[in-house]
Structures are given as C-alpha cells and as structure tokens.
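Engineer: What follows is a protein structure lacking sequence information:
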C-alpha cells in the first residue's frame, strides 16, 4: 500500500496525501500582486496535499527578484485571497513562504535605491539578483554590496515578518513557512563566514541562530504555533555560503530548538538539484534524531524514493519542486504511473504570460 498518497494530519490540518508542492520562484507578477494567472497556476496544482507558495517578500527591503508577489500591501492581500480560495475550492491546502533575501538583492529593488541589508557588509560574491540593469532592463545582475543591519533594525525586521504572517492569515492561507534556507537573510546570520557581528546576534551558535528563532516565536505568538513551519538548508552553499568549523553542531542546535517549539513542521532543503552540494551523508538522520516533529524534505525525489523515505520514518511528507512545473497533475501521474513531463528551463522565470506557467497539459490516458 502506498504511503505517499495516504492522508496526513499536519498540526490539525487534514492533508489528502503526503505530496507537497515545494516553493518555487517564478517571477510572473508584473505588479507584485497575484493576478489571474497566479490563481490558475496554483488551482491547477491543488491536488497536492499541501502547496507551499513561492517565496513571498515580507517587505520592499526583502525583495531580491522582480515580479514576485508580496505580502506587504493590502492590494497584495486581496490578490492572494483569490489564490487561496481557488486552492481551497479544489480541496487543497496552502501555506505562504515568508521571505527576506537579505544581501541577495540589488539597489534597484531597494527603498530609495539604498543598499541591501544583511548581518554584515560582506558581498555575496558571484550571486545574482533579478533586477534592473544599467539600461533599465530586467534580468540577472550581480547582487549589490550590502550594509549591516543595526540591532534596532533587526527588531523592526522581525516585526515585518509578523505583519506579513497576519496578512497571510487574512488572505486565507492555512499557515506560513519562514524561509530560513538557501543563503538568504536568516542563513546570513547563522553562517559566521558572513556574520561578523559583536551584538547579541553574532559570535556564538546561540547568538547566530537567535534571529531565526526569535522571528519564529514572534510569528507563532501572532498567528498560532500550529500555523507556522520553517525551511532550513543545513550545510547550504548557495549565494556564497562557505563552510565553517562548527557547522554540524550549529544545525543540530537549530534542530533541538525547533523540537522545543512544537511548530507545524520543519522543511529541509537539500540543494543538489539547484546547483549546490548535497547534505553530508547521514546528516538528515542526525537532524531527525534531534527533531521528531513533522519533517518535510525537498531534493530530487521521485515516487520510489519518496515512498522509501516515508516508509523508513525518515520523513513524514515529501516535497516536489520542478516536477510540478510541467505536471500540474503530478499527484495523479505518480499514482497511476503515467509519464512525467519535463519542464522548459527557459520559462522557469520571468514574464512570458501563460507560456511555461499555466499551459502545461493534464495527462489524458489513451482510450
């Protein structure tokens, strides 16, 4: 009997299967407000047990890519209401991934053309934002040099996440996922090769993981612990994240802290499929030993490997990313052993209308 297609109770939320649609940046909202195509895109994929939305910036300062729908204006809230209603009408559940990119941004995206912010002023070398070039054209461009947030600004940043979480609930999301992975803001505090601070957010492991945990606590206090998940990428190397001496110890400390908080879930991002290294062999189990709550992972799964991870108890839910781009009916395709279509990489990002976004067909079996 398949475990992947069996129901699961996620922190009081009934999921119809254990397939999760992973968060994927698509950069399709011209005005940063979800539009009719956004609604259709998510409705088409509502057969997933849980959808985690694309990264949703919590503020203008948090943006690193053009055309991402945010959660910092009321107009955006109204746009997301149409998305969540569509997903719910088709029997799905959806969490909003709350996002601040930190230093992986560009001055053309920042308020008043200012510098991006981070734990320090260290540049993210060889890291591309999606912003405006010198000719005013959108495209990939080297991230700008950042400035270090002051201690007072860190407090304000946490409040941005709280406000976005409240807006997500108002918009009809079933919960939120704090994006603590893939080289973005929270990882820039966790990794001491970037974080050279001397205040309460720098130095020791306890200090470096403090911002992530305090943000989680603030959001949980605002909307309820059962509605909050978090995504992390232990040993992540994206966007100039370098190795450091107490790396394993740091991520075990994160796992233990998350275990104590009893949030909805933890979502591990293994970066092999997005151009970086895989987590060290055996570390996923090490993380699991310290965190026994609902665990999701993304990282190149197919039906067979997903079933194996669920059967072993390593995971409770399995996230699929790119397969959902070209297969809006991915759940049905896996369940029936129908062919899995391959996506067109040239249309992953950017505003090309329906092409590569909502025009992938549902599979029709031969009569």
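Structural biologist: All right, it came through fine. Everything quoted here is computed from the prediction, not taken from an experiment. Numbers count the residues shown, from 1 in each chain.

Engineer: elements contacting the lowest-mean-pLDDT helix or strand in the chain?
Structural biologist: Least confident element among the helices and strands of the chain, by mean pLDDT, DSSP states H and E: helix 283-290 (a mean of 87). If you count contacts as 3 or more CB pairs under 8 Å, 6 or more residues apart in numbering; DSSP states H and E, helix 283-290 packs onto helix 247-261, strand 295-298. The C-beta positions use only the backbone N, C-alpha and C, and glycine is treated the same way.

Engineer: Make a markdown table from those and add distance to residue 19 and mean neighbour count to it.
Structural biologist: Compiled in a markdown table, the helices and strands packed on helix 283-290 are given as follows (distance: least, CB to CB, whole Å; neighbours: other CB atoms under 10 Å):
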| stretch | distance to residue 19 | mean neighbour count |
| --- | --- | --- |
| helix 247-261 | 23 | 18 |
| strand 295-298 | 11 | 24 |
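
Engineer: quick one: residue 79 and residue 151, what's the gap?
Structural biologist: From residue 79 across to residue 151, the span is 34 Å (CB to CB, to the nearest Å).

Engineer: Which one's more surrounded, those two?
Structural biologist: Shown here are residue 79 and residue 151; by other CB atoms under 10 Å, residue 79 has more neighbours (23 against 11).

Engineer: How far does the one helix or strand the more buried one maps to sit from its chain's centre?
Structural biologist: According to DSSP states H and E, residue 79 maps onto helix 74-89. Distance of helix 74-89 from its chain centroid, counting by CA atoms, centre = their mean, to the nearest Å, is 18 Å.

Engineer: how about the helices and strands packed on helix 283-290 in a markdown table, adding mean pLDDT?
Structural biologist: Formatted as a markdown table, the helices and strands packed on helix 283-290 follow (pLDDT from 0 to 100):
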| stretch | mean pLDDT |
| --- | --- |
| helix 247-261 | 95 |
| strand 295-298 | 94 |
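
Engineer: how about the ones you listed in JSON lines, adding distance to residue 287?
Structural biologist: Below are the helices and strands packed on helix 283-290 laid out as JSON lines (distance: least, CB to CB, whole Å):
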{"stretch": "helix 247-261", "distance to residue 287": "5"}
{"stretch": "strand 295-298", "distance to residue 287": "8"}
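
Engineer: For residue 228, find the nearest of these.
Structural biologist: helix 247-261 (8.5 Å; CB to CB).

Engineer: ok, longest helix in the protein?
Structural biologist: Ordering each helix of the chain by length in residues (DSSP state H) puts helix 151-170 first.

Engineer: now the angle from that one to helix 74-89?
Structural biologist: Orientation of helix 151-170 against helix 74-89 (axes from the mean of the first three to the mean of the last three CA atoms, to 10 degrees) gives an angle of 40 degrees.

Engineer: Check the burial of the residue lying closest to residue 257 once chain neighbours are set aside by counting its neighbours.
Structural biologist: Distances taken as CB to CB, 6 or more residues apart in numbering place residue 213 nearest to residue 257, at 5.5 Å, with adjacent residues excluded. Other residues near residue 213 come to 19 when the count uses other CB under 10 Å.

Engineer: Over to the one 4 residues further on?
Structural biologist: Here the count is done by other CB under 10 Å, and residue 217 has 15 residues near it.

Engineer: which stretch of helix or strand covers it?
Structural biologist: helix 210-223.

Engineer: Buried residues, that helix. List them.
Structural biologist: By 16 or more other CB atoms under 10 Å, the buried positions in helix 210-223 come out as 210, 211, 212, 213, 214, 215, 216, 219, 220, 222, 223.

Engineer: and what of stretch 8-21?
Structural biologist: Buried, per 16+ other CB under 10 Å, within stretch 8-21: 8, 10, 11, 13, 15, 16, 17, 18, 19, 20, 21.

Engineer: And for stretch 182-201?
Structural biologist: Buried residues in stretch 182-201, counted by 16+ other CB under 10 Å: 182-192, 194-195, 197, 201.

Engineer: Report the mean per-residue pLDDT for it.
Structural biologist: What stretch 182-201 shows for mean pLDDT is 97.

Engineer: what's the straight distance from one end of that stretch to the other?
Structural biologist: Start and end residues of stretch 182-201 are separated by 19 Å (CA to CA, to the nearest Å).

Engineer: Identify the residue spatially nearest to residue 196, adjacent ones excluded.
Structural biologist: Nearest non-adjacent residue to residue 196, counting by CB to CB, 6+ apart: residue 120, 5.0 Å away.

Engineer: do you know how far the one you found is from residue 39?
Structural biologist: Distance from residue 120 to residue 39, by CB to CB: 40 Å.

Engineer: next one: residue 149
Structural biologist: Residue 149 sits 35 Å away from residue 39, going by CB to CB.

Engineer: same question, residue 353
Structural biologist: For residue 353, the distance to residue 39 (CB to CB) stands at 15 Å.

Engineer: between those two, which one's more packed in?
Structural biologist: Comparing residue 353 with residue 39 by neighbour count (other CB under 10 Å), the higher total belongs to residue 39, at 20 against 11.

Engineer: Look up which helix or strand the more buried one falls in, please.
Structural biologist: Counting by DSSP H and E, residue 39 is part of helix 36-44.

Engineer: tilt between that helix and helix 74-89?
Structural biologist: In terms of direction (the same axes, to 10 degrees), helix 36-44 departs from helix 74-89 by 30 degrees.
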